[in-house]
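J.: coords below, sequence missing:
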């Protein structure tokens, strides 16, 4: 059992367990995950974050349900099942875990099943009774992900009492196998235009098992669906109800609460704070106040990644009156591309929250807009790619290579914003764009996807090593003229950061060669660029006496310095062969060369 969150030691947790059927003030939840035919690695942290933030739960995580025992389950009020081995039909937990789960429910606690967790163990009757509804091969299916309304059919049930009908964009199952005794508390309309049935289909069900309660939520196909305010409220209320039968009303955060959670957000972090802000944007009763709060946030010292996300959400509710406040960021080296994208969306029709999605477009009509020579029409269509039906989306992806860079980036961003799979290869190609803003935007999208395969991080080289470059002479055998105020080849290795080496802009290849009087053993180097990831080498090879000893792709500078370590090599000449760069040319304030002892 991997414990991801626990506020007190286990022994004290055991003392906190109350009488059967009574839940502690902060429900203790065990999230069971670790296997699914969905992207559980992304969605499990979102469920954990939602329950800890919205429902006040203390959440632990188990990555293997086979290790569960009655003793291991004793401290918990609720199990949230986010695990499935579908399409395999086998029961793989073992007798001990199966018996522990049934004991847990019979003893008066709660179990919650989320989406694909309802699609496993056909034929295990107690488990099917707990699930209330199940995916049944040959009977159950779903259309394309689309936006649909959700209504409540048991409005007096405490789980949904007081909730208003809502709309969400998700995968909607139809033809589920409902267990006798289960109560449907919410249903959604399955649009025939999106491959659905044209009927209202169950999405939330409850049942009782022994002295316990079980709640099944069939919504939540992916991260974008889980970010919807309706899903989050149903999940949080369902966990509270399963824990004790009592539900406290759970509303949206205030603007200050939502933005405070983003103050430390960075690439690679749990995206739950971003989804909470998105939920507030979609459901805010005071959009003007939220816009003003987001502008205040942009003036804080929050990380760049957090501000990029805020610009994205700001563009959904800001108006043309807000353009001057956004445009003051256009020349910002870190946020200019995010501000530009936000300003473009505000000027375009068809994208705003109030105007709804483009889910009714036929594939050929959508494709015509996407391939339009009118840039405004094409950009607007690209921004809707994550909302159109699957056939139109598939056709559009085949045409990505024909699209201008800005349209291609907007289309890929739309897929990511809606939690859909975005192809990595086009984003990797855009990293090599000659336009710095396009390359930076592609890099941001890849970071949001958690892909770091394209980059070379700066290595750790100890300070105080002998800089062997001071023993060499520098030359540039590429026949390019020095550029601007550059000081010539020697400036790259003169030990003076006020001088720099640079050559004419826009060349396909730059070469800087160091020649030593006698052979040196080298195994590391450090580059100080002209400015942080702006006029600095990005992609290059390191050659010793003409042999490649290291290759670098998308060098990640830290405070304008990039360090590289490689296997020791003895050489007379050491060369940088630079094929891509930040800015318009690969200026170098200082190139240092070392032998780094192991």
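T.: Received the coordinates, thanks. As the structure is a prediction and not an experimental result, all values here were calculated from the model. Numbers count the residues shown, from 1 in each chain.
J.: Spatially nearest residue to residue 255, not counting backbone neighbours?
T.: residue 293 (3.7 Å; Cβ to Cβ, 6 or more residues apart in numbering). Where C-beta positions appear, they are placed from N, C-alpha and C, glycine not excepted.
J.: In the host helix or strand of the one you found, which residues are buried?
T.: Using DSSP states H and E, residue 293 sits within helix 287-298. For helix 287-298, a neighbour-count test (16 or more other Cβ atoms under 10 Å) marks 287, 290, 291, 293, 294, 297, 298 as buried.
J.: how about the residues you listed in CSV, adding distance to residue 498?
T.: Compiled in CSV, these are given as follows (distance: Cβ to Cβ, whole Å):
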residue, distance to residue 498
287, 50
290, 47
291, 44
293, 43
294, 40
297, 37
298, 34
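J.: of all the residues you listed, which comes closest to residue 211?
T.: When these are compared for distance to residue 211 (Cβ to Cβ), residue 290 wins out at 43.7 Å.
J.: just checking, that closest one touches residue 254?
T.: No - taking contacts as Cβ atoms under 8 Å, residue 290 lies outside contact range of residue 254: 9.3 Å.
J.: Apart from its neighbours in sequence, what residue is nearest the most centrally placed residue in the chain?
T.: For the chain, the residue nearest the mean C-alpha position is residue 448 (4.4 Å; Cα atoms, centre = their mean). Take residue 448 and drop its neighbours on the chain: the residue closest to it by Cβ to Cβ, 6+ apart is residue 416, 5.7 Å away.
J.: Contacts for stretch 559-567 next, please.
T.: For stretch 559-567, contacts defined as Cβ atoms under 8 Å, 6 or more residues apart in numbering pick out 456, 458-461, 523-529, 531-533, 536-537, 542, 549-550, 552, 555-556, 596.
J.: Counting neighbours, which bits of it end up buried?
T.: Result for stretch 559-567 [16+ other Cβ under 10 Å]: buried residues 560, 561, 562, 563, 564, 566.
J.: of all those, which comes closest to residue 340?
T.: Distances from residue 340 to the buried residues of stretch 559-567, taken by Cβ to Cβ, are shortest for residue 560, at 24.1 Å.
J.: Would you report the backbone torsion angles of that closest one?
T.: phi 70, psi 20 (degrees, to the nearest 10).
J.: Tell me which residues touch residue 294, please.
T.: Applying Cβ under 8 Å, 6+ apart, one finds that residue 294 lies in contact with 255, 259, 310, 313, 314.
J.: quick one: residue 442 is in a helix?
T.: Yes - assigned with DSSP: H, G, I helix; E, B strand; the rest coil, residue 442 falls within a helix.
J.: which residues touch it?
T.: 409, 427, 428, 430, 431, 433.
J.: What distance do you get for it to residue 143?
T.: Distance from residue 442 to residue 143, counting by Cβ to Cβ, to the nearest Å: 32 Å.
J.: quick revisit: would you convert the buried residues of helix 287-298 into TSV that also reports pLDDT and distance to residue 478?
T.: Formatted as TSV, these follow (pLDDT from 0 to 100; distance: Cβ to Cβ, whole Å):
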residue	pLDDT	distance to residue 478
287	84	55
290	92	53
291	93	51
293	94	52
294	95	47
297	95	46
298	95	42
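J.: burial measure for residue 550, as a count.
T.: The local packing of residue 550 (other Cβ atoms under 10 Å) involves 18 other residues.
J.: circling back to that earlier point, go through the contacts of residue 294 and say which is closest to residue 149.
T.: residue 313 (23.2 Å).
J.: Could you look up the SS state of the closest one?
T.: helix.
J.: And for residue 302?
T.: Assigned with three-state DSSP, residue 302 falls in the coil class.
J.: swap in the one 4 residues further on?
T.: Under three-state DSSP, residue 306 falls in the helix class.
J.: For this structure, which helix or strand comes out least confident on mean pLDDT?
T.: helix 10-16 (a mean of 26; mean pLDDT, DSSP states H and E).
J.: per-domain residue ranges of this structure.
T.: 10-16+26-244, 255-448, 457-594 (automatic domain parsing).
J.: what's the least confident stretch among those domains?
T.: Note on these: lowest mean pLDDT is at domain 255-448, with a mean of 79.
J.: can you give me the end-to-end distance of that one?
T.: Chord length of domain 255-448, first to last residue, is 23 Å (Cα to Cα, to the nearest Å).
J.: Verify the contact between residue 571 and residue 544 for me.
T.: Yes - the pair residue 571 / residue 544 is scored as a contact, 3.6 Å apart, by Cβ under 8 Å.
J.: more neighbours, those two?
T.: Per other Cβ under 10 Å, whichever of residue 571 and residue 544 has more neighbours is residue 544, with 22 against 19.
J.: check contacts around that one.
T.: Contact analysis of residue 544 by Cβ under 8 Å, 6+ apart lists 522, 569, 570, 571, 573, 574, 575.
J.: which pair in these spans the largest distance?
T.: Farthest pair in the contacts of residue 544, by Cβ to Cβ: 570 and 575, 14.8 Å.
J.: okay, these two: which has more neighbours?
T.: residue 575 (21 against 11).
J.: hang on, the earlier thing: anything in contact with each of residue 290 and residue 254?
T.: Counting by Cβ under 8 Å, 6+ apart, nothing touches both residue 290 and residue 254.
J.: Right, I'll leave it there.
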